[in-house]
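[1] Show me the folded form of this:
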Amino acid sequence: MPADPYRYFRIEAEELLEGLGEGLLALEKGADPQLLKRLLRYAHTFKGASRVVKQTEIGDLAHQIEDWLTAHAQSGRPVDRASVDHALELLDRIRRLVAGLAIPHPAKTVSQAPKGELLGGGAASSRVTPSSAPATEPTIRIAVRELDALLENALETRIAAAALQRAAALLPDISADARELARSLRGRGRTSSAGSELVEQLAERVASTHQRMAEHLNQIFVELSELHGTASKLRLVPARILIADLERVTRDAARALDKAVEIRWSGAETHVDAHVLAGLHKALVHVVRNSVAHGIESHAQRLGSGKPQVGVIDIAFERRGHRVLVRCTDDGRGLDLEAIKRVVVSRGLISPEQATTIDQVALEELLLSGGVSTSPTVTDVSGRGVGLEAVRHAVQALKGELKLHSRVGRGTTVEILVPLSLSAMPALAVHCERTTALIPLDSVRQALRVTPSDVVRQEDGERVVVGGQVIPFLPLARALDRSDARASESHSAVILEAQGQLAAIGVDKLGAARSVVVRAIPEHADLNPVVSGAAFNDEGNIDLVLAPPALIRAAMDAEPLTPPVQAERPRILVIDDSLTTRMLEQSILEAAGYQVDLAVSGEEGLAKARTTRYGLFIVDVEMPGMSGFEFVSTVKADAELGATPCILVTSRAAASDRRRGKEVGARAYIVKSEFNQAELLETVARFLDD
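    Predicted structure coming up:
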């Protein structure tokens, strides 16, 4: 008798429960003789398996489902909703009974296993069909907790092998010392010569042993890497295992609200880590309930707006590198922005004055923060405002990103972007003082060198210009709250992107990219919020795993460590009759740390130039009165202003205009149709910062 007498029954019960759940929902949509045969087979098998393990109550419930299916098959009549409700209730009772079967040996909590989450208990498992197997190859079910144990053992073996490898690396030195001893013994008489030969033989044996150990250890590392990769793949399960449960959730919510709703799926064969899928299930349950309650309209409202009576929720899974995007879109009414404004004002989240100017994006962010509901009553489906908050918490637990988009009258989309796996991921090692940290590779956009002169210190924090964009900069030492963190010095910088935002994180040096097994950190540990986990390196030491969204928030919220101590940069005068052009150039230049004055005409610009010292003039060509060509010519002829460089920014792109600009003394000529931030900042820096 095995230690767990129900081990294999749980695995079989899980598969049968999934098949019966999907089948009953499909049966409600239309009769299918083959479907009926399959469901009868499932129920009969469940009944027999239950009685083998002496679970009479489960067997009796399976027998009732079998009797109901038999009667339905014999009648040939369409199944009614009430009958399906009864069968699903029997199935729910079976789920609870299976979940309650005692496990007599220690095990990981079922909350880590997706199918345990979906079915209310039991051992989580992955169904695996090797890619090289024929189509008729039987499906194998593998317990996820056993794969976790395998990955754990593989990691411990790798650490032990690395320690052995470091010890073996000492053998060449021992062999060299032995040879040196042999040389010193030679020529000291017969006894010494004999000793010399023995020591020489010892040196050869040590060298030979090192060679064999190195070969075997290299092979061990190769095989451990293959084992880790294979085990990680086995932990990936298809997203389609969520279908039956979410269709059931949708059906129950729609029935409670007297609505007709169906789910459509795409990308359901996308494979995701079992633990990630469990977290996605938690989030998507709330998403589809919200879609039914707040998105899909009533029958009368849909018909009145020309929509089909049956509402649709589309759920799509899409692989994005080492992450997966889940997009849930309904074709309902969209967000009631005015109702949301009234609620958030009544809750004191914003003032009535703010409500008049707040935009849709900000309102959507408030919704995601939780506690906001526009439902007039509290029901089993909605009304407490906790649905989206629960989604946010579930996504945060997965180290993912959450977005909400809505179009009035056309529906709402919730996007969830999460790692394919929480247990293993590619990461970039970075070094900060004596700490090695790991950054998920999916969030790394580029790496570059940043010198002190590249960092602009402003009242709202430090900034650097990357690809023409001004983005927040934060040394990792400050993000980790190191007490000895100093003002920014020379760094390598890693450019991170998360949730549509960018930041540059300064590090001492970059390491190599590697695949890491991420360990959760105990909740009671008082850690910096930028740290999301930990991973063992080959030496058995712990490296921190960092959270890109938290790093970016820290960079955006950081204040300069010390007040800016910089030589004051020369002021720039922008002369252009176009308000749009003036404000655009001013915003770009001020974001990069320059002081900017404005003039709307050449005459005004010339008057300001004679009362204020400027380091650069940026001038439009076509302006009422004095043109840009005339302004530059006048400046160059002035004894006091002639040394000040001028840049022409104009819509005139003809070669003759470029020649004239050069002739009158302009140092650069930028065409507005070809204008970009990077070119402007590089040109300005060439004249002012060199």
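[2] Does E297 fall in a helix, a strand, or a coil region?
    coil (DSSP: H, G, I helix; E, B strand; the rest coil).
[3] Show the pLDDT at it.
    We have a pLDDT of 92 for E297.
[4] With the one 5 residues further on instead?
    What the model reports for R302 is a pLDDT of 92.
[5] Leaving out chain neighbours, which residue sits closest to it?
    Once flanking residues are discounted, R302 sits nearest to Q309: 5.8 Å by CB to CB, 6 or more residues apart in numbering. For the C-beta atoms, the positions are set from N, CA and C on the backbone; glycine is no exception.
[6] got a list of what the one you found touches?
    A260, H299, R302, L303 (CB atoms under 8 Å, 6 or more residues apart in numbering).
[7] For A599, list the residues it contacts.
    Listed by CB under 8 Å, 6+ apart, the contact set of A599 reads L573, V574, I575, G605, K608.
[8] Hmm, the third one is touching E622, no?
    Spelled out, it's I575. No. Contact criterion CB atoms under 8 Å: I575 and E622 do not qualify, at 11.8 Å.
[9] check which helix or strand covers the residue nearest to R302.
    Using DSSP states H and E, Q309 maps to neither a helix nor a strand.
[10] low pLDDT regions in the stretch 451-600 of the chain?
    458-460, 482-490, 520-526, 538-540, 559-568 (pLDDT under 70).
[11] hey, where'd the helices end up in it?
    476-479, 548-557, 579-591 (DSSP state H, counting those that start in this stretch).
[12] Tell me which of these sits nearest to P33.
    Closest approach to P33 among these (CB to CB): helix 548-557, 51.9 Å.
[13] Buried residues of the closest one, list them for me.
    For helix 548-557, burial by neighbour count (16 or more other CB atoms under 10 Å) applies to P548, P549, A550, L551, I552, R553, A554, A555.
[14] can you redo those residues as a markdown table with distance to A668?
    Formatted as a markdown table, the buried residues of helix 548-557 follow (distance: CB to CB, whole Å):
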| residue | distance to A668 |
| --- | --- |
| P548 | 38 |
| P549 | 39 |
| A550 | 41 |
| L551 | 37 |
| I552 | 34 |
| R553 | 38 |
| A554 | 38 |
| A555 | 32 |
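[15] Grab the longest helix from this protein for me.
    Secondary structure of the chain per DSSP state H: the longest helix is helix 190-234.
[16] Determine the next helix or strand in the C-terminal direction from it.
    Proceeding N to C from helix 190-234, the next assigned helix or strand is strand 236-238, under DSSP H and E.
[17] need the contact list for the nearest residue to E585 once chain neighbours are set aside.
    Nearest residue to E585, sequence neighbours excluded (CB to CB, 6+ apart): V574, at 5.1 Å. Remark: with contacts taken as CB under 8 Å, 6+ apart, V574 is in contact with R582, E585, Q586, L589, V596, D597, L598, A599, I618.
[18] Show me how to select, in ChimeraX, the buried members of those.
    Selection of the buried residues among the contacts of V574 in ChimeraX, burial being defined by 16+ other CB under 10 Å:
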select :582,585,586,589,596,598,599,618
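[19] And the closest residue to R410 other than its chain neighbours, its phi and psi?
    Nearest residue to R410 in three dimensions, chain neighbours excluded: G334, at 5.9 Å (CB to CB, 6+ apart). Dihedral angles of G334 (phi, psi; degrees, to the nearest 10) stand at phi 80, psi -180.
[20] G334: how many residues sit nearby?
    Counted with other CB atoms under 10 Å, residues neighbouring G334 total 18.
[21] tell me the contacts of it?
    Counting by CB under 8 Å, 6+ apart, G334 touches G295, S406, R407, V408, G409, R410, G411, T412.
[22] Once you drop chain neighbours, what's closest to the fourth one?
    Closest residue in space to V408, ignoring its immediate chain neighbours: G334 at 4.4 Å, by CB to CB, 6+ apart.
[23] out of the contacts of V574, which one sits closest to A203?
    Taking CB to CB as the measure, L589 is the one of the contacts of V574 closest to A203, at 70.5 Å.
[24] How about that closest one: what's its closest non-neighbour residue?
    The shortest distance from L589 to any non-neighbouring residue, by CB to CB, 6+ apart, is to V596 (5.0 Å).
[25] Please enumerate the strands of the stretch 451-600 of the chain.
    Using DSSP state E, counting those that start in this stretch, the strands found in the stretch 451-600 of the chain span residues 456-458, 461-466, 469-475, 491-498, 501-507, 509-517, 531-536, 542-546, 571-575, 596-599.
[26] what ranges do the strands span in the stretch 51-200 of the chain?
    125-128, 140-143.
[27] Give me the mean pLDDT for the last one.
    What it means is strand 140-143. The predicted model gives strand 140-143 an average pLDDT of 53.
[28] Identify the contacts common to I575 and E622.
    Residues touching both I575 and E622 (CB under 8 Å, 6+ apart): G628.
[29] more neighbours, the two?
    Neighbours per residue, other CB under 10 Å: of I575 and E622, the larger number sits with I575, 27 against 14.
[30] Distance from the chain centre to stretch 357-371, please.
    21 Å (CA atoms, centre = their mean, to the nearest Å).
[31] try stretch 199-209
    Centre-to-centre, stretch 199-209 and its host chain are 53 Å apart (CA atoms, centre = their mean).
[32] quick one: contacts of it?
    Against stretch 199-209 from outside (CB under 8 Å, 6+ apart): L171, P172, I174, S175, A176, A178, R179, L181, A182, L185.
[33] Need the nearest residue in space to the second one, chain neighbours excluded.
    What it means is P172. Spatial nearest neighbour of P172, excluding adjacent residues (CB to CB, 6+ apart): H210 at 5.9 Å.
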